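J.: based on what follows, work out the 3D shape:
(one chain, ligands or ions: 1)
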Amino acid sequence: MKRLILFGAPGSGKGTMGDLIARDFGYAKISTGDILRAEIEQGSADGLRAKGIMDAGGLVPDDLVGELLRRRLLRGDLGESRGGYVMDGYPRTLVQAEALSAIACDSEKAIFIEVSETEAVERLLSRLTCSKCGAIYNLRNKPPREDGVCDLCRGEVGRRADDNEQSVRQRFRVYAERTLPVIEYYSRRGVLVRVDGNGAAAAVYARIKGLVA
Ligand SMILES: [Zn+2]
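T.: Prediction:
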């Protein structure tokens, strides 16, 4: 099983790139957000614990996320994908990166999508998210077919409350700072590749595609 880790600041387009890789290479796309949503929907004990923490405005602790992730990655259905999976939005911290490394895989590549603050901010301010399934739309180039309604689940689509310019810039800078140790970690392991994430999605994907197979 190959493991591909996509990381980049908010607005780097890593979610879109993960979708394209999943589509073209048959990789499973693994996001801790999806795993948490599924656990909560199923009403599992861990899901309810996570929901309680999130409802109280807290962050789900690393050990709980790591355990849910481990269970997901070890579940047999990953074998239906063509030999690989792509991580979307995880790991974000050194602790998480070490937790992921403890889960075995055959080979690993960490692709760091680098994007300028200006471009990231512009993308994020035009981004819309489905409140029900987490699908992401973009007013510039990928609006929902019906205004305010998710194509996939008919959930409500809107701009996230924290997608205003000041908070978006803040998130970009916090990400850049926090991720540095993660970048260094994968660099030391010899699996880090940096990709220019500026420009149209198709152009960025062309740069990434060759790194996957
Ligand atoms: Zn939806």
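
J.: need the residues of this structure near the ion, please.
T.: Applying C-beta under 5 Å from the ion, we find that the chain lies next to the ion at 130, 132-133, 135, 150, 152-153, 155. Every residue, glycine included, has its C-beta placed from N, CA and C.

J.: what separation is there between Val121 and Arg169?
T.: 6 Å (C-beta to C-beta, to the nearest Å).

J.: for Glu39, same thing?
T.: 32 Å.

J.: higher neighbour count, these two?
T.: Between Glu39 and Arg169, counted using other C-beta atoms under 10 Å, the more crowded position is Glu39 (21 against 15).

J.: same for the helix or strand bottoming out on mean pLDDT in the chain, what does it pack against?
T.: When the helices and strands of the chain are scored by mean pLDDT, DSSP states H and E, strand 136-138 comes last with a mean of 87. Packing partners of strand 136-138 (3 or more C-beta pairs under 8 Å, 6 or more residues apart in numbering; DSSP states H and E): strand 127-130.

J.: the strand it packs on pairs with which strands?
T.: Strands that pair with strand 127-130, judged by DSSP bridges, come out as strand 136-138 (antiparallel), strand 157-158 (antiparallel).

J.: using PDB, write out every CA atom in that strand.
T.: Output of strand 127-130 as PDB, limited to C-alpha atoms (Å, rounded to 0.1, in the frame of the first residue of the first chain):
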ATOM      1  CA  ARG A 127     -14.800  29.100  -1.300                       C
ATOM      2  CA  LEU A 128     -18.100  27.600  -0.300                       C
ATOM      3  CA  THR A 129     -18.500  24.500   1.900                       C
ATOM      4  CA  CYS A 130     -21.400  22.000   2.300                       C
END
